[in-house]
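Trainee: The sequence and its predicted three-dimensional model are supplied below.
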Amino acid sequence: MHLATYSDHLQYGSVVRSGPNRLVFNTATAVHDIYANARVNKGHSYSYVSRSGNPSMWSTLDREAHHRKRKLVGPVVSERCGRLAVDIVGLLAFGYPLNTQTEDTNKLVPEYFPSPFAFRPGRWLAHEHEMDQEREVRVTTRRAFQPFLLGDRGWAGKAMAYLELSMALAKTIWYFDFERVPGEAGKAGEGIPGSDGWRGRRDEFQLYDGVVVSHDGPNLVFKTRGRYWEDMEASEAR
């Protein structure tokens, strides 16, 4: 769906009518105007996604009821939260516990994301010799990137999610070197030349969207970096 929508925007512009009563916008201004607008409510389809049968914070359509639920969740999902907060949020927001204490169990628009198909993680970072134009691009990119949405319907645990993702990523890169698995297994999830639409690029990881995304691969081999792993074991022992 996201690739078909991307193609429609390339052909018809930043506003596309995808149905008799449905418009799809592709600008950062529209994202903020829509999701930060108190007059805009969620669609009725969200009322069917509750696993417990009771409205959760995610599926509640009534704005006052949603506000009450979010008010309960907000204080416990700050940067100081850990796994306990994840369990609490899972129960309050989705209606069922995640039990993390006990169980182990976008295509991008060049206007906002220059070279959108290039792997450029540095696009998000400021640097010492940053020019005014580079800073403007970075600010615009961050404004357009809203993975957790915004406004009163934005994900209440965004700060906690960024904290845990940042820690996990930083520790993975610090303690391990990794590379693609050799052979055919290492190609899992990549684009196939000649495929329809935008799925023909080799070395481009393919995502398939729904309410969330699914994927195949990537298959990677991890190796410890030097003796840094000893620090990890020491910290776990404390």
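Mentor: Alright, I've got the coordinates.

Trainee: Please enumerate the strands of the chain.
Mentor: 15-19, 22-25, 176-180, 208-209, 213-214, 220-224 (DSSP state E).

Trainee: Throw those into CSV and include mean neighbour count and mean pLDDT, thanks.
Mentor: C-beta coordinates here come from the backbone N, C-alpha and C atoms, glycine included. Formatted as CSV, those follow (neighbours: other Cβ atoms under 10 Å; pLDDT from 0 to 100):
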stretch, mean neighbour count, mean pLDDT
strand 15-19, 12, 90
strand 22-25, 12, 89
strand 176-180, 13, 91
strand 208-209, 12, 80
strand 213-214, 10, 79
strand 220-224, 11, 92
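
Trainee: Make TSV from those and add distance to residue 235 to it.
Mentor: Shown next, in TSV, are the strands of the chain (distance: least, Cβ to Cβ, whole Å):
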stretch	distance to residue 235
strand 15-19	50
strand 22-25	46
strand 176-180	15
strand 208-209	37
strand 213-214	32
strand 220-224	15
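
Trainee: Which of those sits closest to residue 61?
Mentor: Distance to residue 61, taken as Cβ to Cβ, is lowest for strand 22-25 among the strands of the chain, at 17.6 Å.

Trainee: who does that closest one pair up with?
Mentor: Applying DSSP bridges, strand 22-25 is found paired with strand 15-19 (antiparallel).

Trainee: Please tell me how far the strand it pairs with is from the chain's geometric centre.
Mentor: 24 Å (Cα atoms, centre = their mean, to the nearest Å).

Trainee: again with stretch 219-229
Mentor: With Cα atoms, centre = their mean, you get 26 Å for stretch 219-229.

Trainee: What's the end-to-end length of that stretch?
Mentor: Start-to-end span of stretch 219-229 (Cα to Cα, to the nearest Å) is 22 Å.

Trainee: if we compare the strands of the chain, which one ends up closest to residue 162?
Mentor: Comparison of the strands of the chain against residue 162 by Cβ to Cβ identifies strand 213-214 as nearest, at 18.4 Å.
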